[in-house]
Structure formats: C-alpha cells, structure tokens
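*Asks:* Return atomic coordinates for the entry below.
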Amino acid sequence: MPSTRTLYETRTKQIGIRRVELDTSTDEIGRKFLFKVNTVAMFAKGSNWIPSDCFHHRVHEDQLQVLLQSAADCNMNFLRVWGGGIYESDAFYDICDRLGILIWQDMMFACALYPSTDEFSTNVKQEITNQLYRIQHHACIAIYAGNNENEEALCSWEECNNSPHQKKLVVDYYKLYMDIIYSVIKELDPNRALFYWPSSPSNGPDEWGNPQDITRGDAHYWGVWHGQKPFTDYLTFTPRFCSEFGFQSISSFQTLKPFLSDDEEDYNLTSPAMEFRQRSFKVGNKAILEHISRHFRVPIGFRETIYVSQVLQALSIKTACEHWRRQKSVCSGAMYWQLNDIWPGTSWSSLEWNSRWKLLQYFSKKFFSPLLVSVVENKGTQHAEVWLTSDVTSNVKGTLTVKLVSYTSGLTLQQWNVDQVSVPATTSRQVLSIDLVELFGDEPPTFYVQHDYDVQFDRTECFLMVCFDSKEHPEHSSENFHFFCPLKFVRLNKPEFKVTRENNNCFSITSNQVALFVSLHEAAENHDTVDQSIVARFSDNGFILLPDEPKTLSFEMTKFSYGEHEGAVGHSKSVPLRNLQILSLRDSY
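*Replies:* Numbering: from 1, shown residues only. All right, here's what the predicted structure looks like:
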C-alpha cells in the first residue's frame with residue numbers, strides 16, 4: 001500500500017479576553033461617544049500614533065517597546081493609529097496587548113478623496129481582508145475607522161462643495177467606506193463591526209451632517225494651532241470625544257545637535273536647517289513665536305526658544321485635557337496629536353524621534369493620572385474652582401490644600417484646607433471655590449501699571465499651588481498649579497540651583513528662588529564625544545521648585561539606536577552632575 005503523510009501547520013498567537021463596547025445612545029445633549037470595557041465606562045486618555053521612522057525597516061521591537069511603554073507609564077489607555085501612516089507591525093499590537101493600551105485603528109486612507117473604480121475597489125477589499133486576518137485576534141483593537149478626515153473633506157473642502165461632481169464624490173465615498181470596507185469588517189470581524197466608525201471625525205454610519213458636530217460622534221479641534229487662537233480657547237470647546245488636537249514644540253537641543261552644523265549657523269528657529277525640519281509648513285514657526293509672545297517674554301537664544309516652546313506645548317495640551325476630563329459627563333475622551341515622531345525636528349509630538357521625553361510627555365503623566373486635581377477660572381462667577389476628577393473605580397478620601405504663593409519670596413500668602421474630601425468612584429466635581437474679587441478686586445487687571453484701588457494682592461504677584469493628599473491611597477495623590485495672568489507679566493528672581501548626588505541614579509535639586517518649569521537635560525555640547533544614542537529619562541521634569549524645598553529625582557539611561565539590531569536597551573550609565581543642564585523660565589530671558 002502507498003505510504004500516507006499527514007500535513008499540518010501550527011500557529012501560536014497571543015490572545016486576550018475582554019469586552020469593548022461603544023455607547024452612542026442618546027442623552028440630553030445629543031449622542032454619547034463612550035467606550036466601555038467589560039461593561040465599565042472609561043475615559044479614553046491617550047494620543048495619536050504615526051510611523052516612528054521615515055524608513056520603517058529600521059524600526060525594531062525594542063524601539064516600539066520603549067515608545068509604547070512611555071505611553072503606558074503616562075497613564076495612557078488609548079492610541080489612535082492614524083490613517084495617513086501605516087498598518088503597524090505585529091510587534092506593535094503584541095506590545096499594546098501586554099500593556100493594556102486600546103487601539104483606535106484607522107484604515108490607511110487620509111486627507112483625500114479616493115476613486116471607486118472596479119480595479120481600485122478590488123485592491124482595497126484585498127488590503128482590508130489581509131490586514132484583518134493579521135490583526136483581528138489582538139485584544140488591543142477596540143474600534144476600526146474607515147479613514148482620517150475624508151468625510152470632513154466632503155463637507156468643508158471648497159473643491160468638493162463647488163464641484164459639479166459633488167454627488168458622485170458622495171457616492172464614491174459611501175461605496176468605499178461602507179459597501180467595501182465595512183462589508184469586509186462585518187464578514188471577518190462581526191463583533192467590532194457593531195462599532196465601525198466610517199471616518200474620524202464623524203457622526204457615525206449613515207449619520208450625515210457636520211462631522212465636527214460637538215453634540216455627537218468624535219471631533220478634531222485645531223482652532224488653537226491652525227486657527228492660532230490662544231490655548232485658553234480649549235476651555236470654550238467641549239466635544240463628546242476629541243480624537244485629534246495638537247500644539248507644536250521644537251525637539252530638544254540634545255536631539256537636534258547631530259543634525260545641525262558645528263559652526264552654530266543653524267542655531268536659529270528660522271534657519272534653513274530648522275525651516276526644513278518644520279512639520280507645519282503653513283503656520284509652523286510663525287505660530288510658535290506668536291504664541292510665545294502671548295504668554296512669555298522673548299527667549300534670549302536658540303536653546304531657550306526650544307525650552308519655552310516645550311513649556312508652551314505642555315501648558316496648551318494640559319489645559320485641554322484637564323478641561324475635558326473635568327467635563328467627563330459630557331466628553332469621554334482626549335487623544336492629542338501626537339505621541340511619537342518620524343524624524344528629528346519641530347512637530348506636535350510629545351516623544352522625540354529618539355524616544356526622549358519632551359516636557360509634554362512629563363506633563364501627561366500628571367494630567368492623565370487616575371485622580372487629578374485641577375483649577376479653572378470661572379469668568380462668569382469670578383471664582384477659581386478647584387476640581388477633583390477620578391477614573392478610579394473605588395472611592396478615594398484625602399485632604400485638599402491650596403496655597404497662594406508669592407513669585408518673589410516663595411512664601412504662602414494665604415491657604416485653604418479642606419479635610420476629609422471624598423471623591424466618589426469615576427466622578428468629576430468641584431470641591432472648592434475661591435472668590436477672586438476678594439483676592440484681586442473687581443476691576444479687570446491691566447498688568448502694566450500699579451493698581452490704584454485697594455486690593456489685597458495683584459494677579460502678577462502670586463499663583464496657586466494645589467495638592468490632594470490621600471493617606472489611604474498615596475498612589476492617588478495629585479499636585480497642580482494655576483497662574484492668574486500670562487507669565488510675561490510676572491517678575492521672577494533668577495534662581496541658583498544646588499544638586500546633590502544621593503546614589504548612582506538618584507539626586508536632589510534645590511533652588512534659592514521660585515523656579516518655574518525646571519527642565520533637566522544631559523549635556524550635548526560635543527556630539528563627537530557624547531553618545532547621542534544615550535537618552536536620559538527623569539522621574540519628573542518641568543516642575544516648580546519653591547525656595548529651599550528640595551526635590552528628589554531618579555533617572556534612567558536608555559540606548560536608542562535606529563538601524564541597529566540590538567535596538568533600544570537599558571543602560572546603566574549615570575549622568576555626571578557636571579553634565580546636567582538645568583533651565584527654568586527665568587533663565588530663558
């Protein structure tokens with residue numbers, strides 16, 4: 001008898017078991033856009049992901065691990081894989097599975113209108129089929145979206161609105177994203193198809209109208225950056241879910257230096273080298289300088305401009321995220337643009353191309369913390385409201401302390417204490433209201449001249465430091481600050497810093513003056529002698545120091561080398577204290 005052989009194939013895949021839902025039910029405002037995991041409502045905290053290098057073959061799993069771990073370490077639970085990039089590698093989704101980061105997966109169609117010819121439609125169907133077979137087993141995939149901003153293009157692009165072929169454009173759009181892409185998803189991944197989103201932003205399947213309708217669906221908000229409004233404008237905008245908004249900053253000098261000339265000719269924001277590396281070619285550097293002039297004094301040099309741009313970016317995104325978290329009964333998510341970067345330059349990212357944390361990344365760890373204390377001025381009531389916002393699934397108790405601090409002396413001018421504050425699970429509520437008329441008088445501040453009316457304090461003289469301290473749950477303690485005027489009007493004393501090594505990877509830093517946004521970097525004076533692939537990450541950065549109050553910091557060194565197969569690996573090398581660069585706001589002018 002002829003011999004028989006059994007042919008078989010074995011595949012091993014990582015899987016996870018969870019239930020993700022998207023609640024779009026109606027309420028008193030319109031329609032919700034609320035994700036639930038295992039029936040528990042969640043506020044989506046995260047950012048947008050783009051390709052992490054211009055040459056994708058250079059990206060290895062170790063680099064992805066460093067970048068995605070940075071997101072997880074900053075309390076992010078959601079990332080949006082942007083439709084103008086690539087379908088990410090298997091390693092990317094594996095890491096997100098392990099870290100518990102949910103993925104909003106755009107299909108790779110963005111910022112354009114596409115044909116619906118038979119040939120193109122067949123190609124698209126095969127593309128979506130192949131990708132779903134590859135990634136659908138991943139627990140991290142929460143939602144599929146058909147494209148980025150193509151629905152908005154149909155509604156707002158002048159060339160679409162004035163086109164004699166407008167009806168055909170709409171038909172082509174529906175055929176591509178519903179008849180083809182949605183049909184493939186419905187067949188291959190029917191559970192996720194229940195929450196398929198045709199575009200971002202959108203009102204939802206067959207919900208035609210303005211995609212930026214803030215009463216339903218998701219929204220992209222670019223009024224601050226592209227519209228060049230002050231970042232306080234975020235406080236006037238409350239969508240159901242903000243899946244894209246952003247603000248630029250310049251990559252650190254340490255990251256840029258290997259790509260700039262040694263004669264310092266390029267050390268200028270508008271030099272040809274820096275203009276070339278600007279990712280927002282229409283407004284870009286002009287917007288950065290305009291926003292700086294609104295809030296800060298003009299920086300004295302290139303490195304100081306870099307630093308102030310990062311402070312500005314951090315404050316801008318902080319303002320938006322804290323506002324939308326406070327309004328979590330209306331808004332259910334904030335994903336800023338963008339997490340990572342594709343090359344060294346000026347962009348909206350919070351992580352630089354080589355994984356170095358910008359100040360925004362450090363700030364995000366705080367404004368995305370499970371329990372957040374924040375302050376907002378209510379212009380209607382002339383009160384400063386202190387809010388506690390919780391994503392914790394149990395009640396948290398603690399003590400709230402608010403101090404009015406002098407910029408010049410660092411002394412506490414006034415203090416408010418609220419003992420035994422109870423923060424119910426997953427709530428956001430105001431816990432203290434401070435009457436600003438009692439503090440500053442009832443006339444609008446001028447900032448330029450001495451007030452001629454009798455007030456206790458001047459807005460340019462003091463700021464708030466707030467702290468929620470939980471003895472039972474110290475991991476949910478939270479600190480924050482609030483300024484009463486643009487910082488360009490504030491008189492600061494130039495600080496002197498003292499740094500003391502405590503052990504190989506830990507040191508304390510003290511200032512003799514109030515020091516705002518203290519920024520630490522490892523030195524990068526000579527890229528011939530400094531290993532540019534070694535990146536320092538500190539336990540905190542961009543913080544406020546009060547006089548003679550030491551802050552203890554730890555740090556780690558990471559090797560991050562694109563194109564090398566060892567990828568990014570931990571490194572035990574410590575930073576010599578003589579090579580530690582320290583900058584505060586007063587040092588920038």
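*Asks:* what are the ranges of the helices in the stretch 351-500 of the chain?
*Replies:* Counting by DSSP state H, counting those that start in this stretch, one finds helices in the stretch 351-500 of the chain at the ranges 359-367, 436-440.
*Asks:* Mind checking these for the one nearest to residue 292?
*Replies:* With distances scored as C-beta to C-beta, the stretch of these nearest to residue 292 is helix 359-367 (14.2 Å). C-beta coordinates here come from the backbone N, C-alpha and C atoms, glycine included.
*Asks:* Could you look over the helices of the stretch 351-500 of the chain and pick the most buried one?
*Replies:* Among those, helix 359-367 has the highest mean neighbour count (mean count of other C-beta atoms under 10 Å), at a mean of 24.
*Asks:* looking at the helices of the stretch 351-500 of the chain, which has the lowest confidence?
*Replies:* Ranked by mean pLDDT, these end with helix 436-440 at the bottom, a mean of 93.
*Asks:* can you list the helices of the stretch 351-500 of the chain in TSV and add distance to residue 100?
*Replies:* TSV is the format used below for the helices of the stretch 351-500 of the chain (distance: least, C-beta to C-beta, whole Å):
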stretch	distance to residue 100
helix 359-367	16
helix 436-440	41
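*Asks:* So which of these is nearest residue 300?
*Replies:* helix 359-367 (18.7 Å).
*Asks:* Work out the gap between the closest one and the centre of the chain.
*Replies:* Distance, stretch centre to chain centre, for helix 359-367: 8 Å (C-alpha atoms, centre = their mean, to the nearest Å).
*Asks:* Which other helices and strands does it contact?
*Replies:* Here helix 359-367 touches helix 302-326, strand 478-483, going by 3 or more C-beta pairs under 8 Å, 6 or more residues apart in numbering; DSSP states H and E.
*Asks:* could you give me the average pLDDT of the last one?
*Replies:* Here the mean pLDDT over strand 478-483 is 98, rounded to a whole number.
*Asks:* Stretch 25-36 too?
*Replies:* On average, stretch 25-36 scores 97.
*Asks:* among the helices and strands packed on helix 359-367, which is nearest residue 47?
*Replies:* When the helices and strands packed on helix 359-367 are compared by C-beta to C-beta, helix 302-326 sits nearest residue 47, at 9.1 Å.
*Asks:* relative to helix 359-367, how tilted is that closest one?
*Replies:* Going by axes from the mean of the first three to the mean of the last three C-alpha atoms, to 10 degrees, helix 302-326 is angled at 30 degrees with respect to helix 359-367.
*Asks:* from the chain's centre, how far out does the next helix or strand after helix 302-326 sit?
*Replies:* Later in the chain than helix 302-326, the nearest helix or strand by DSSP states H and E is strand 333-336. With C-alpha atoms, centre = their mean as the basis, strand 333-336 stands 7 Å off its chain's centre.
*Asks:* what sits up against strand 333-336?
*Replies:* Strand 333-336 has contacts (C-beta atoms under 8 Å, 6 or more residues apart in numbering) with 33, 35, 43-48, 78-80, 104, 218, 241-246, 317, 320-321, 324-325, 348, 350.
*Asks:* Looking at the residues you listed, which are in helices?
*Replies:* Members of the contacts of strand 333-336 lying in helices (criterion: DSSP state H): 317, 320, 321, 324, 325.
*Asks:* how close does the first one sit to residue 48?
*Replies:* Pointing back at residue 317 there. Using C-beta to C-beta, to the nearest Å, we find residue 317 at a distance of 12 Å from residue 48.
*Asks:* okay, now the closest residue to residue 295 other than its chain neighbours: neighbour count?
*Replies:* Once flanking residues are discounted, residue 295 sits nearest to residue 486: 4.8 Å by C-beta to C-beta, 6 or more residues apart in numbering. By other C-beta atoms under 10 Å, 17 other residues sit near residue 486.
*Asks:* Residue 486 contacts residue 294, doesn't it?
*Replies:* Yes - with contact defined as C-beta atoms under 8 Å, residue 486 reaches residue 294; the gap is 6.6 Å.
*Asks:* Which one of the helices of the stretch 351-500 of the chain lies nearest to residue 230?
*Replies:* The minimum distance between residue 230 and those falls on helix 359-367, with 17.6 Å, by C-beta to C-beta.
*Asks:* what's the angle from that closest one to strand 478-483?
*Replies:* Helix 359-367 and strand 478-483 meet at an angle of 120 degrees, taking the same axes, to 10 degrees as the criterion.
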